[in-house]
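Any chance you can model this:
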Amino acid sequence: MNFLIVTGYYTKLGEITLDIKSIFKSIADVSVCIVGDVCIDAYYFVSNDKGEISVETGIKTRSVERYHVDLGGAANVAVNIKKLGAKNVYLFGIVGDDLFAEVMTNLLRKADVSERLVVQKRNWSTNVYNKIYAEGLEDPRIDIGNFNKPAEESIDMLLSSLEKALASCKVVIINEQVSSGFQSKYFQEGLQRLIDASGDRLIWMCDCRKLNDIYRNTLHKLNDREASLIYAAYHQDEAAEPAAHSGAAADTKMTEDSGKIMWLFEHWKKPVIMTRGADGALVFDGSSLHEIPGLHIVNQIDIVGAGDAFLSATAACLAADASLETAAEIGNFSAGVSVQKLFQTGHPSVEEILEISDSPDYRYHTALAKNPRQAAYLPGTEIEIIARPSPETPTIAIFDHDGTISTLRFGWDGIMESMMTRCILGNAYAEVSATAFAKVKDAVCNLINRTTGVQTLIQMQALCRLVSDFNYVELSRILDPAGYKAIFNKELLGMVEQRAERIRKGSLSVEDVVIKGAVPFLSRLHDAGVTLYLASGTDVEDVRREAALLGYENLFNGGIYGSVGDIAHDPKKMVLEQILEDIDRQSGKKARCVVFGDGPVELREAYKHGASAIGVISDERQRFGLNLRKRERLVLAGAEVLIPDYSWSDELVDWLKWEI
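Numbers count the residues shown, from 1 in each chain. The predicted model follows:
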């Protein structure tokens, strides 16, 4: 079956204005039922220090330095919904007659969840997932409960208890995550009778790994992999036909997912929500297909519990009478909070969701970003066109500094990588195994790639989390972000000062340390009456000093902005908000603004505020030509045009028809 997405049929949820606060106020009056697999996630952080040789086995023991337990599966969903302020959350499941059941019920009661757990004394152990971490690496997980066998008596008690609670609820979640759980054929038949008997009075939500096709008469929330498996099961004898998608560029993955979600609706005759990992989610209600863009997350991520967080917020919002697409977008924000909670299942709070939703950072053009072979260039140039910016001549131009104009700090990432690795490993730097060292280095490189362009202090804040998570350094010896920033700045400024001294002596010229054509292009804009701003994540005094050294400080008549050591006030965001939200007093119109940068922060802010976003993907080593390593993150940030340097400025200006 082919599906065609036509004009007016397809929307992006990121463009919809949400009144999230009022929805959360309504959640305070709702009650939700959850029936599913209840689990415990136990985290152990172990070390070889203080171990001893076992007298019985002769094997050296390992010591647990710290541990914690968290609720998983349906229990995690229940706690999440309660934390969002729901009046009542009723949880139904089966546990064993063991100490882990006591731990679970204590945690649920502490969270004010009304547990209705059935205790099965034989052939059942409470599901526990033991996760062991050593030297930053995760050992094979040890699972309890894989040999469970539900008794029909337990299922009867469970269904009877659930039926009594349905009268007070509006949304019921069916959660299935465990292969050896209680959702047998006998349970499925009994639950289906309850679904059929409720008619349209209740919203039944199915979030199952393997039983989505069993509970057909429900709203389905599933991920793209689960959707693909169901679709493939019904299309084994035919090649999958991608759906047609109206858009400027062909997005194969998006097209395929669009076709699958609409086929699933036709298959079940019920709305479907398909989560797509970092690429967000799709929602189809039978009349409109909505795309929820993925969120750009700067911090290190842990995807455990993200699906539960999405489900929890979506269900709670539906119970509060939010529309399906609005509920799913809030669910997306909730998942964005959850993935930043490391080594835990994560319980997003209302405050955290409101914070991330206040000015969300989305991922744009995801397929194009991953595939440079789809790039479209202005004929005869190295200028990549992603979307056409405003053709109006700008009155304001905002430039990032490092990598966009100056290359004085080229190599900063190598210095940061070395410094962060040493800080994480501490005294274990020379002794740790090659595997563990590679794990730390990989985490550091990922952090740097995610955070390029943000304030150094924010990067050091993320470093603090890594130092704590890897656990090589004693808690009392971990520095604060400012302390780590001081170490980095000392090493970086040493390199910068060597280059600055060579410029002062004349052994290096300004042209040797700036992107090709940058200074003439700045002068051209300045002489045409364009107001120029410089906004950098580097400390403001360092930016001013370097701009003066390189001779273009006076061109930035709008001002030079940099970090002032306050994480809450990012200079790039501050400048963009100041310029783009203020009305031009002389003309009474919005300022026409263009932003140039080689980092995602400034381009993402430009996109959000309606300014033209031009990414600079220059090879800083030679100061001209393409560096495709920068391309993906700038496309994802919303860049409309990519240039390698300013040697193509004439062609760019002519194409844009700027009068400068």
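
can we go C-alpha only for contacts and neighbour counts from here?
Noted.

where exactly do the strands run in the stretch 551-660 of the chain?
Assigned by DSSP state E, counting those that start in this stretch, the strands in the stretch 551-660 of the chain fall at 559-563, 593-597, 612-616, 641-643.

what lines up beside the second one in the sheet?
In its sheet, strand 593-597 lies beside strand 396-399 (parallel), strand 612-616 (parallel), with partners assigned from DSSP bridges.

now the strands of the stretch 551-660 of the chain as CSV including mean pLDDT?
Below are those laid out as CSV (pLDDT from 0 to 100):
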stretch, mean pLDDT
strand 559-563, 86
strand 593-597, 94
strand 612-616, 96
strand 641-643, 97
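
To I515, which of those lies closest?
strand 612-616 (9.5 Å; CA to CA).

Please save the CA atoms from that closest one in PDB.
Only the C-alpha atoms of strand 612-616 are listed here, as PDB (Å, rounded to 0.1, in the frame of the first residue of the first chain):
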ATOM      1  CA  SER A 612      19.800  33.500   8.100                       C
ATOM      2  CA  ALA A 613      22.200  30.800   9.200                       C
ATOM      3  CA  ILE A 614      25.400  30.300   7.300                       C
ATOM      4  CA  GLY A 615      27.800  27.600   8.500                       C
ATOM      5  CA  VAL A 616      31.500  27.800   8.000                       C
END
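
just the strands paired with strand 593-597: most buried one?
strand 612-616 (a mean of 28; mean count of other CA atoms under 10 Å).

Kindly provide the distance from the residue nearest to the spatial centre of the chain to R225.
Nearest residue to the geometric centre of the chain (CA atoms, centre = their mean): I297, 3.8 Å. As for I297, its distance to R225 is 22 Å (criterion: CA to CA, to the nearest Å).

got it, and I405?
43 Å.

and after the helix or strand that contains M262, which helix or strand comes next?
Per DSSP states H and E, M262 falls inside helix 252-268. Sequence order places strand 272-275 as the next helix or strand after helix 252-268, per DSSP H and E.

on contacts alone, who are the packing partners of that following strand?
With contacts taken as 3 or more CA pairs under 8 Å, 6 or more residues apart in numbering; DSSP states H and E, strand 272-275 sits against strand 219-223, helix 224-233, helix 252-268, strand 281-284.

Now do stretch 334-345, average pLDDT.
Averaging pLDDT along stretch 334-345 gives 78.

Where does pLDDT dip in the stretch 201-350 of the chain?
237-252, 298-300, 342-345 (pLDDT under 70).

Repeat that for the stretch 501-650 of the chain.
Filtered on pLDDT under 70, the stretch 501-650 of the chain yields the residue ranges 566-572, 575-576, 578-591.

Now do the helices in it.
518-527, 540-550, 571-581, 600-609, 631-636, 649-656 (DSSP state H, counting those that start in this stretch).

how far off strand 612-616 does the fourth one point, in degrees?
Think helix 600-609. Interaxial angle, helix 600-609 versus strand 612-616 (axes from the mean of the first three to the mean of the last three CA atoms, to 10 degrees): 160 degrees.

Next, the buried residues of helix 600-609.
P600, V601, E602, L603, R604, E605, A606, Y607, K608 (16 or more other CA atoms under 10 Å).

which residues sit against it?
361, 400, 452-454, 572-573, 576-577, 580, 594-597, 612-615, 633-634, 636-639 (CA atoms under 8 Å, 6 or more residues apart in numbering).

now swap in the shortest one and tell me
The list of residues contacting helix 631-636 from outside it, by CA under 8 Å, 6+ apart, reads 362-366, 368-370, 386, 598-600, 603, 615, 617, 642.

the domain parsing of the chain - what is it?
The chain is divided into the following domains under automatic domain parsing: 4-48+80-358, 366-407+514-656, 412-505.

And the first one, how far out from the chain middle?
If I follow you right, that is domain 4-48+80-358. With CA atoms, centre = their mean, to the nearest Å as the basis, domain 4-48+80-358 stands 18 Å off its chain's centre.

Any idea which of the helices and strands packed on strand 272-275 gets closest to A328?
strand 281-284 (7.5 Å).

Now do that closest one: which elements does it pack against?
For strand 281-284, the packing partners by 3+ CA pairs under 8 Å, 6+ apart come out as helix 252-268, strand 272-275, strand 289-292, helix 324-338.

Parallel or antiparallel, list what pairs with it.
With DSSP bridges as the test, strand 281-284 is paired with strand 272-275 (antiparallel), strand 289-292 (antiparallel).

could you dump the last one to CSV, C-alpha only?
This file holds the C-alpha atoms of strand 289-292, laid out as CSV (Å, rounded to 0.1, in the frame of the first residue of the first chain):
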residue,chain,number,x,y,z
LEU,A,289,1.0,12.8,10.1
HIS,A,290,3.0,14.9,12.6
GLU,A,291,6.8,14.9,12.9
ILE,A,292,8.3,15.7,16.2
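
nearest to K439, of the helices of the stretch 501-650 of the chain?
Of all these, helix 631-636 sits nearest to K439, with 22.6 Å by CA to CA.

And stretch 337-347, end to end?
Termini of stretch 337-347 sit 8 Å apart (CA to CA).

Could I have the buried ones of the contacts of helix 631-636 as PyMOL selection syntax?
Selection command for PyMOL covering only the buried members of those, criterion 16+ other CA under 10 Å:
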select buried, resi 362+363+364+365+366+368+369+386+598+599+600+603+615+617+642
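
State the pair within the contacts of helix 631-636 that is farthest apart.
Spatially, the most separated pair among those is Y362 and I617, at 20.2 Å (CA to CA).

what about the residue nearest to D29 when sequence neighbours are not counted, how many neighbours?
Closest residue to D29 in three dimensions, ignoring its sequence neighbours and counting by CA to CA, 6 or more residues apart in numbering: K87, at 5.4 Å. By other CA atoms under 10 Å, the residues close to K87 number 16.

K87 and A316, how far apart?
10 Å.

wait, what's in contact with V339?
Residues counted as contacts of V339 (CA under 8 Å, 6+ apart) are I301, D302, I303, V304, G305, A306, G346.

The fifth one contacts G346, doesn't it?
Yes. Judged on CA atoms under 8 Å, G305 makes contact with G346 at a distance of 6.1 Å.

Give me the neighbour count for L71.
Neighbours of L71 under the rule other CA under 10 Å: 26.

Also P140?
As a burial measure, P140 scores 10 neighbours (other CA under 10 Å).

thinking it is in contact with I132, fair?
Yes. The pair P140 / I132 is scored as a contact, 7.4 Å apart, by CA under 8 Å.

what's the burial count for the closest residue to N554 other than its chain neighbours?
Nearest non-adjacent residue to N554, counting by CA to CA, 6+ apart: A548, 7.9 Å away. A548 has 12 neighbouring residues, counting by other CA under 10 Å.

what does R201 give?
Here the count is done by other CA under 10 Å, and R201 has 12 residues near it.

right, and it touches V171 too?
No. The pair formed by R201 and V171 falls short of the contact definition of CA under 8 Å, at 9.2 Å.

V95 belongs to a strand, doesn't it?
Yes. Using DSSP: H, G, I helix; E, B strand; the rest coil, the secondary structure at V95 is a strand.
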